[in-house]
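A.B. asks: Okay, structure incoming, though there's no sequence with it:
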């Protein structure tokens, strides 16, 4: 409890634009405004076909509600600041990077290869250095999962370097 | 009598018994592993249920739900980390008792009270779900709209964390449900020219992303964390003295848990906290709470397991999920072509009573597994995260891909994983997003159809007594946190 109070005090001493509550509310509001603008591009249904309200009305109302509530949480946070969150460690950013690498590999090379690459990458950076366990998470387990989905669920994985060899 | 026989049906089907056995076992393992739980597990196993018939699929999901909720207690007692959020209150007394060398007694009480709570809530489910379904015959579109709004406001007011943040998350969930072709006019909304989005955003990528992938990112920030695991020799059944001390607490918490479970909210988590605090309030020795009180364990565990049956009441009777896991079960029902609601009670009683019976058996099974196997299940926490999470990633990716065979679904899952991580970091619960996504179509559909019925006159909502009651209840639910904080300040 004392620790939370300390973190809250630390947050209060920061300029407002560095505070988490400002950054979070700003991001929510900016995204909501962008989406709100998008709703104006939705097709309008002619009155004769329109039943109830226009398709854009409901999302518009939701987005306005989100913006108003974001302003409200920012206002409340000025009175009762959020606690300062700890800085994210390197391992988090590497895991995030691995997600990105997964998307790139699955799109360009192979879906299965992407799973293997991410598994080995994450396991290694999380501290696993033993070759057997890296092979277990990166190759043996994904192969078992692949076979299971392929044979039992009859799933066809997207084409790629390895899957093409398997299917041919 | 007929219904009782229908409830016994799973006992006479070797296939259903096998499904129950596997589901309970899998649910226990999921519950024990911190970061996983019945919601994530249910979402991961949902694609596999496609190979099963509807009853077996739902029996599998409900047994995972029951056992997973109990499984969290094992880790809460032995490593002071709740396996599931619903077991958070169990840590408060379970771990201190284990530190005193009484881990077996703590787990014994957790097992017994969970089983009693679970069975109590199934009895509530059997009696109240048909009554609620009968009432739902009176509901038209405006009533369903008002009910869905009530559900969302309840979620905000009695859920974890800030009510406004919960409301934002709920509104965001509803917003996600608007992506794709508008169901009334077929006009594209938020598709940004991506063909795959015209079908909308699926439930599974969002759930797996928000729960499993965001947890993987959370675990990536905790890789140096070391758990102090307390050795468990054997589970001990509570003594006569323990029963004397706790039977009232167990019954009270079972009632509280069942009631909280019926309300659309984070069922087990909230129920266990209220069950725990009420146990403390009524205790003759409240000073022992937090230091290893057996009543504390009983209060929390009976309540969180009682919430399982309670949460199934609105799910089956109205099609409104009572918790995040029942939202997964509801999706399972819809995927298998079963439409929850009053008609289900009239047309498929064998299906429904089969589920009730299966839940009852699942509670007995997790008692047996927990009692004889807690020591073995506790060992699953020894699997290092650096091995466990890459494996979960592989299953998550393949499971998400398998439903529609769409790579876009996998990317959506990863996007929601990152989003879920930041939501949780800044105090936004992800559960309202799930409930909002599930209720979104109902909210928008019933609103628009009501407006057609009312010829565009919004005020007509207030001329319908049931709808008006739900709106008033929604207002009360919204003002409840304000009243609570003022009372707290005093």
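C.D. replies: Arrived safely. Keep in mind that what you see is a predicted model, and the values were worked out from it rather than measured.

A.B. asks: What residues does the stretch 301-450 of chain B have near chain A?
C.D. replies: Within reach of chain A by C-beta under 8 Å from any C-beta of the partner chain, the stretch 301-450 of chain B has these residues: B:384-387, B:389-391, B:393-395, B:397-398, B:401-402, B:405, B:407, B:410-411, B:414, B:417-418, B:425-427, B:444, B:447-450. C-beta: built from backbone N, CA, C; applies to glycine.

A.B. asks: List only buried entries from these.
C.D. replies: Taking 16 or more other C-beta atoms under 10 Å in any protein chain shown as the criterion, what is buried in those is B:385-387, B:389-391, B:393-395, B:397-398, B:401-402, B:407, B:410-411, B:414, B:417-418, B:425-427, B:444, B:447-450.

A.B. asks: Restricted to helices, list these.
C.D. replies: Among those, the residues falling in helices (DSSP state H) are B:385-387, B:389-391, B:393-395, B:397-398, B:401-402, B:407, B:410-411, B:414, B:417-418, B:425, B:444, B:447-450.

A.B. asks: What's the local residue count around residue A:107?
C.D. replies: Using other C-beta atoms under 10 Å in any protein chain shown, residue A:107 has 14 neighbouring residues.

A.B. asks: In which helix or strand does it reside?
C.D. replies: If you go by DSSP states H and E, residue A:107 is part of helix A:90-108.

A.B. asks: Show me which residues of that helix are buried.
C.D. replies: Neighbour-count burial for helix A:90-108 [16+ other C-beta under 10 Å]: A:91, A:92, A:94, A:95, A:96, A:98, A:99, A:102, A:103, A:105, A:106.

A.B. asks: Could you list which of those residues also contact chain B?
C.D. replies: Among those, the residues that sit close to chain B (C-beta under 8 Å from any C-beta) are A:91, A:92, A:94, A:95, A:96, A:99, A:102, A:103, A:106.

A.B. asks: Quick check: the first one touching residue A:126?
C.D. replies: Yes - checked against C-beta atoms under 8 Å, the pair residue A:91 and residue A:126 is within contact range at 6.4 Å.

A.B. asks: Near residue 23, how many other residues are there?
C.D. replies: This is for chain A. 13.

A.B. asks: nope, chain B please
C.D. replies: Number of residues near residue B:23 (other C-beta under 10 Å) recorded here: 28.

A.B. asks: low-confidence ranges in the stretch 151-300 of chain B?
C.D. replies: Applying pLDDT under 70 to the stretch 151-300 of chain B flags residues B:157-161, B:225-235, B:264-267.

A.B. asks: Run through the residues of it sitting next to chain A.
C.D. replies: Counting by C-beta under 8 Å from any C-beta, the stretch 151-300 of chain B comes close to chain A at B:162, B:164-165, B:167-168, B:171-172, B:174-175, B:178, B:182, B:184-185, B:187-190, B:192, B:213, B:216-217, B:220-221, B:223.

A.B. asks: before we move on, the earlier item: among the buried residues of helix A:90-108, which one sits closest to chain B?
C.D. replies: residue A:95 (3.9 Å; C-beta to the nearest C-beta).

A.B. asks: dump the residue contacts of that closest one.
C.D. replies: When contacts are counted by C-beta atoms under 8 Å, 6 or more residues apart in numbering or on different chains, residue A:95 touches A:122, A:125, B:216, B:217, B:220.

A.B. asks: Quick check: closest non-adjacent residue to residue 25.
C.D. replies: With no chain named, the answer covers chain A. Of all residues not flanking residue A:25 in the chain, residue A:74 sits nearest, at 4.1 Å (C-beta to C-beta, 6 or more residues apart in numbering or on different chains).

A.B. asks: not quite, I wanted chain B
C.D. replies: Computed as C-beta to C-beta, 6+ apart, the closest residue to residue B:25 that is not its neighbour in sequence is residue B:369, at 6.5 Å.

A.B. asks: since we're on the one you found, how many residues are nearby?
C.D. replies: 21.

A.B. asks: same question, residue A:83
C.D. replies: Neighbours of residue A:83 using other C-beta under 10 Å come to 16.

A.B. asks: Which residue ranges of chain B form strands?
C.D. replies: Ranges of strands in chain B, per DSSP state E, are B:180-181, B:188-189.

A.B. asks: So which other helices or strands are in contact with the last one?
C.D. replies: Contacting strand B:188-189 under the criterion 3 or more C-beta pairs under 8 Å, 6 or more residues apart in numbering or on different chains; DSSP states H and E are the following elements: strand B:180-181.
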